[in-house]
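Student: pasting a predicted model and its sequence here:
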Amino acid sequence: MQQDSRPSRPWWLAAIVVALGAVCVLGAASLPAASRYAGIGPGTVPRLVGIALIVLGLILAVQIARGETFEPQGTENADAALPMNPLAFALALVAAVLPIFALQTLGLPLVAMVSFTLVARSFGSRRLLVDLVSGAILGALAWYLFDRLGLQLGGFMPFAGLG
Amino acid sequence: MFMRNILAATVAAVALVSAAQADVSVMIPADPGGGWDGTGRQAMAAMAAAGIYTEGVNFTNTGGAGGTIGLAAFQNAQTAKPDSLAVFGAITVGSIILNDSPLDLSDFTPIARLTAEYDVLAVDAGSDIETLAQFVEALKADPGANPVGGGSAGGVDQIALALLAQEAGVPVPDLNYIPQASGAETVTAIVNGTLKAGISGISEFQQFAEQGRIRILGVTAAERHPALPDVPTFAEEGFNVEIANWRGFLGSPDMPADNAAEWVARFDQLNDSAEWQQVLETQGWGQYYLSGPAFGDFVADETDRIGEILREAGLAD
Amino acid sequence: MGSFDYLLHGFGIALQPMNLLWALIGSALGTAIGVLPGIGPALTIALLLPVTVAIAPTAAFIMFAGVLYGAMYGGSTTSILINTPGESGSMMTALEGNKMARDGRGAAALATAAIGSFVAGTIATIALTFLAPYVAELAFIFRPADYFALILLAFCSVAVVMGSSRVRGFIALLLGIAMGTVGIDVMTGQPRLNFGVMGLLNGIELTVVLVSLFAVGEILFVASRYDPGQETPISVRGRWMTREDFRRSWKPWLRGTVLGFPMGVLPGGGSEIPTMLSYTLERKLCEKPEEFGTTGAIEGVAGPEAANNAAAAGVLVPLLTLGLPTSATAAILLAAFQNYGLQPGPNLFTSNADLVWGLIASLYIGNAMLLILNLPLVGMWVRLLSIPKPQLYAGILVFALIGIWGVSGSQIDLIVMVIVGVAGYVMRVYDFPIAPVLIGLILGPMAEYQLRTALLSRQGSPWVLVETPISIAFLVVAALTFVLPPLIRRLRARS
């Protein structure tokens, strides 16, 4: 961590943990807490896990209040000390979100092409054409191989009526 | 280099798309590799081998929740399609009720029931319980202290136990049924004393009985099983319970009548073919054939019977 | 039949040409992913899972074992030549190995790493061979309460050991357990925590979570903080191992094995701790401590590399014999077993002897193959490093998509992928350990199942949980994992 970055206070982390715990507790509320012979039922474990998450979230909040520091994990090719590059993050995120909406209509090869290009671009690649072509080939080959294996990867290009 | 790759990919793509124009689509509402997957693929393969139906077959696997997820997708996408089939089985009937699934099996076109496996009930080899009647006595005396293990909740094994209890006058909600991951796990739990008895398919228990780890008390078939000639049926022991874990094929909802008749005829032919007999033998599946409207009536009866017993067990409302 | 007869039988299976081919494919693939950044053995096996549809279980597991061992070999190559460890277990290797390479002894460092991995892998596999059947006998002794206590122990040690903070370790673990409760309750068949979503009835798949955390989360993280400054690998050439190097290496190899194997067997042990311990130990025992951190000491490569491989083999012991995964890779192997409808555990040794012993035999063969792949052919693998990073990470995303979409074809899984991927990003930025999520996801449902079975079998009496000495022992050790580390820290601070 650099000198200039004073301990940030990511309260929202604690809030998310508490919220996830609450979701578990709420979801368990409609389930029977006890079954006839076990003394505990399908709702018991989700409820306990939810409560534990809420408690841990509160402990985390206390730690944050006390100035706990959070240092990004070191990974290859990434410099943890670098500030976040929001544009690169957004491009990579779009690449991951796109398939939700597009895989069923556009088919794997096209989606692979676009997502491949987006990720490569987010890593600073400028070779747009090469990326598009590599992505399309990768997607088409994978589609073919998996189809031979007997797996379903959806239509080849469903919107065009292929596959 | 790149141009060559593109060319290769294009050729491959064209080849595939032409190859992928399958005539019949088969929904397998389970993950690849399991029993339903085997039933669906082997039946269609045998049909092709026997020359009954040799066109392409397009399989889709959508697993989960006893087949209800796959069948719901099948209903949405394939209604009124002429050549769309789906695999399903006894487990689906229970799962629809347990999961409050909006599916209604009578909406689909009944095609054929192909295979079945009967259940057996077993206790530890060293147990002092020697007969099914003795076991039922113990169960009557204290159902909670006699935990019984078997397949997944609401599945055929649990239904079989519930039917037995019903016959014997033991309140079904009092049963202490513990679902197990597999037949082998059930045997382990019987041997280490966690369970008093286990109920499972014949093929899963047979080897352990031969090893002398467990003692099989009864089989849920109408007649004794050829592999277990010394094991009495439940009926012989005085409990009128007959239930099987069956598997079969459904057609799409509102399938045109001509197509439905054609598929029923094809499965009739399949059932008589040497190729299918071969599959039954290698897989160890029992033949349990019924087709067309008669199969539809059977499914309706099973739905009533299983629904009633699940409600009585307190598993469904 | 004793272990030895079974092993011979296993060799008969593993030496079949097709199985040898699968071992080769797995070893080569494992080495490649070990060399490449951003993709580890767990992720690779997750992406290979769809293959299980098409090939027999024995062949699949022989391939997966090759991937598991191969990644350990490949990781050391990257560590030594470009000072970026491909796997967390290779971190210590990078310290001395890279210094040796800079000092013109790169070939010697690579050789001691490869031979050390081979020696450790082989010894650990022998230990696995003769230990496993005894552990397997536990099946008929272990009761649900014992399993439950064992899993609690695994939870505690994983959450305490992995990562820098216990609170964050437990949060990660509980998030995994919470995800594990989604779907149909196995005991009653009731849907749980799916909030009316049909696609969640089947639960959240381990593969989806693993691919999302390791591939999508990693891509988001690296993209947002990408450091294109590429280090060019140091030439592989250089002095090979001398007689002196061998003399200095063999003891560290053996010591590393002795440290690594038991740590791999223990839940939460993983490969980080044994390699670190081995490094510290060798540094203390070395005749030429001045080489450490300057020109690079060969002991500092030999020990940790051996420990690393021995730990990888150790992980297989609880997995095969008890069905208990102790690392992310083991968790995904368990998922692969379940794909085939197989439940690892004591029964596997009797019901699927061919598979188990074929797999164990193939570990010996795979190790020998890897030695060949990594000694003479090391230059080939180094060339992989010239794949440009943008396209490499883009390719990983495409494979992640295929891995998720190919198995289920479910839109819900794609949504889960994005949510969990973003969570993986946040966890990396705020230093939450990742592995406990996976351990929680796979062991959480098991723990719940064993707990409820134990209670059902004794009609709800909680005393069943402390009924046997085994369960009491596990629970005590679990409690100790909480108490001991702070106690040791305090004692150390006082002295």
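Tutor: Arrived safely, thanks for sending.
Student: packing partners of the helix or strand where B:Q207 lies?
Tutor: In this structure, B:Q207 is located in helix B:202-210 according to DSSP states H and E. Counting contacts by 3 or more C-beta pairs under 8 Å, 6 or more residues apart in numbering or on different chains; DSSP states H and E, helix B:202-210 packs against strand B:109-124, helix B:183-191, strand B:214-219. Every residue, glycine included, has its C-beta placed from N, CA and C.
Student: so is the longest one next to chain C?
Tutor: Yep, that's strand B:109-124 we're talking about. No: using C-beta under 8 Å from any C-beta of the partner chain, strand B:109-124 never reaches chain C; the gap is at least 10.9 Å.
Student: neighbouring strands for that strand, and are they parallel or not?
Tutor: strand B:197-201 (antiparallel), strand B:214-219 (antiparallel), strand B:244-251 (antiparallel), strand B:286-291 (antiparallel) (DSSP bridges).
Student: show me what the helix or strand containing B:L71 is packed against.
Tutor: Using DSSP H and E, B:L71 sits in helix B:68-78. For helix B:68-78, the packing partners by 3+ C-beta pairs under 8 Å, 6+ apart come out as strand B:24-28, strand B:84-89, helix B:90-98.
Student: what count of nearby residues applies to A:A61?
Tutor: Using other C-beta atoms under 10 Å in any protein chain shown, A:A61 has 18 other residues around it.
Student: buried sites along the helix or strand that contains B:Q134?
Tutor: For B:Q134, the element it lies in under DSSP H and E is helix B:132-141. When neighbours are counted by 16 or more other C-beta atoms under 10 Å in any protein chain shown, the buried residues of helix B:132-141 are found to be B:L132, B:F135, B:V136, B:A138, B:L139.
Student: now the fourth one, nearest residue through space, not along the chain?
Tutor: It refers to B:A138. In space, and not counting its chain neighbours, B:A138 is closest to B:N146: 5.6 Å by C-beta to C-beta, 6 or more residues apart in numbering or on different chains.
Student: what are the phi and psi values for the nearest residue to C:V182 once chain neighbours are set aside?
Tutor: In this structure, C:V182 finds its nearest non-sequential neighbour in C:L193, 4.7 Å apart by C-beta to C-beta, 6+ apart. Dihedral pair for C:L193: phi 40, psi 30, per degrees, to the nearest 10.
Student: also A:F70?
Tutor: phi -120, psi 110.
Student: OK, contacts around the residue lying closest to it once chain neighbours are set aside?
Tutor: For A:F70, ignoring the flanking residues on the chain, the nearest one in space by C-beta to C-beta, 6+ apart is C:Y430 at 4.3 Å. Residues near C:Y430 by C-beta atoms under 8 Å, 6 or more residues apart in numbering or on different chains: A:P10, A:L13, A:F70, A:P72, C:R168.
Student: tell me the pLDDT of C:Y430.
Tutor: Per-residue pLDDT puts C:Y430 at 91.
Student: picking that back up, centre of the chain to the helix holding B:L71, how far?
Tutor: 18 Å (C-alpha atoms, centre = their mean, to the nearest Å).
Student: can you give me the buried ones in that helix?
Tutor: Neighbour-count burial for helix B:68-78 [16+ other C-beta under 10 Å]: B:T68, B:I69, B:G70, B:L71, B:A72, B:A73, B:F74, B:Q75, B:Q78.
Student: now pLDDT too, for these, in a markdown table please.
Tutor: Converted to a markdown table, the buried residues of helix B:68-78 look like this (pLDDT from 0 to 100):
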| residue | pLDDT |
| --- | --- |
| B:T68 | 80 |
| B:I69 | 78 |
| B:G70 | 81 |
| B:L71 | 84 |
| B:A72 | 81 |
| B:A73 | 79 |
| B:F74 | 83 |
| B:Q75 | 82 |
| B:Q78 | 77 |
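Student: which member of those residues is positioned nearest B:V187?
Tutor: Proximity of the buried residues of helix B:68-78 to B:V187, judged by C-beta to C-beta, is greatest for B:T68, which lies at 29.3 Å.
Student: report how many residues lie close to C:S362.
Tutor: Neighbour tally, C:S362, other C-beta under 10 Å: 32.
Student: measure it to C:I33 for me?
Tutor: Per C-beta to C-beta, to the nearest Å, C:S362 is found 18 Å from C:I33.
Student: and C:L324, by the same measure?
Tutor: From C:L324 to C:I33 the distance is 25 Å (C-beta to C-beta).
Student: winner for burial among the helices and strands packed on helix B:68-78?
Tutor: strand B:84-89 (a mean of 28; mean count of other C-beta atoms under 10 Å in any protein chain shown).
Student: distance from the chain centre to the lengthiest helix in chain B, please.
Tutor: If you go by DSSP state H, chain B has its longest helix at helix B:292-312. Helix B:292-312 has its C-alpha centroid displaced from the chain centroid by 14 Å (C-alpha atoms, centre = their mean).
Student: care to break chain B down by domain?
Tutor: For chain B, automatic domain parsing gives the domain ranges B:2-115+B:247-312, B:117-219.
Student: touching, C:S461 and B:A145? I think so.
Tutor: No: using C-beta atoms under 8 Å, C:S461 is not in contact with B:A145; the gap is 11.3 Å.
Student: other SSEs contacting the helix or strand bottoming out on mean pLDDT in chain A?
Tutor: For chain A, using mean pLDDT, DSSP states H and E, the weakest element among its helices and strands is helix A:128-149, scoring a mean of 85. Applying 3+ C-beta pairs under 8 Å, 6+ apart, we find helix A:128-149 packed against helix A:108-122, helix B:2-19, helix C:389-408.
Student: ok, and for it, which residues are buried?
Tutor: Buried residues in helix A:128-149 (16+ other C-beta under 10 Å): A:131, A:133-147, A:149.
Student: pull the contacting residues for residue 132.
Tutor: Unless you meant another one, I'm taking chain A. By C-beta under 8 Å, 6+ apart, the neighbours of A:L132 are A:M113, A:F116, A:T117.
Student: oops, I was thinking of chain C
Tutor: By C-beta under 8 Å, 6+ apart, C:A132 lies in contact with C:S3, C:V317, C:L320, C:T321, C:F349, C:V356, C:I360.
Student: what about those, which are in helices?
Tutor: C:S3, C:V317, C:L320, C:T321, C:F349, C:V356, C:I360.
Student: neighbour-wise, which of those residues leads?
Tutor: Most crowded among those, counting by other C-beta under 10 Å, is C:L320 at 27 neighbours.
Student: which SS class is the nearest residue in space to it that is not next to it in sequence?
Tutor: Closest residue in space to C:L320, ignoring its immediate chain neighbours: C:P344 at 5.6 Å, by C-beta to C-beta, 6+ apart. Following DSSP: H, G, I helix; E, B strand; the rest coil, the label given to C:P344 is coil.
Student: what's the burial count for C:P344?
Tutor: With other C-beta under 10 Å as criterion, C:P344 counts 25.
Student: any idea how far it is from C:G323?
Tutor: 4 Å.
Student: okay, and the common contacts of those two?
Tutor: With C-beta under 8 Å, 6+ apart, C:P344 and C:G323 have common neighbours C:L334.
Student: next up, phi/psi of B:G150, please.
Tutor: According to degrees, to the nearest 10, B:G150 has phi -180, psi -160.
Student: as JSON lines, the buried residues of helix B:132-141 with distance to C:P144 and pLDDT would be great.
Tutor: Formatted as JSON lines, the buried residues of helix B:132-141 follow (distance: C-beta to C-beta, whole Å; pLDDT from 0 to 100):
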{"residue": "B:L132", "distance to C:P144": "26", "pLDDT": "94"}
{"residue": "B:F135", "distance to C:P144": "22", "pLDDT": "95"}
{"residue": "B:V136", "distance to C:P144": "26", "pLDDT": "94"}
{"residue": "B:A138", "distance to C:P144": "21", "pLDDT": "94"}
{"residue": "B:L139", "distance to C:P144": "21", "pLDDT": "93"}
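Student: which of the ones in helices among the contacts of C:A132 lies closest to C:T481?
Tutor: Among these, and counting by C-beta to C-beta, the member closest to C:T481 is C:V317, at 19.5 Å.
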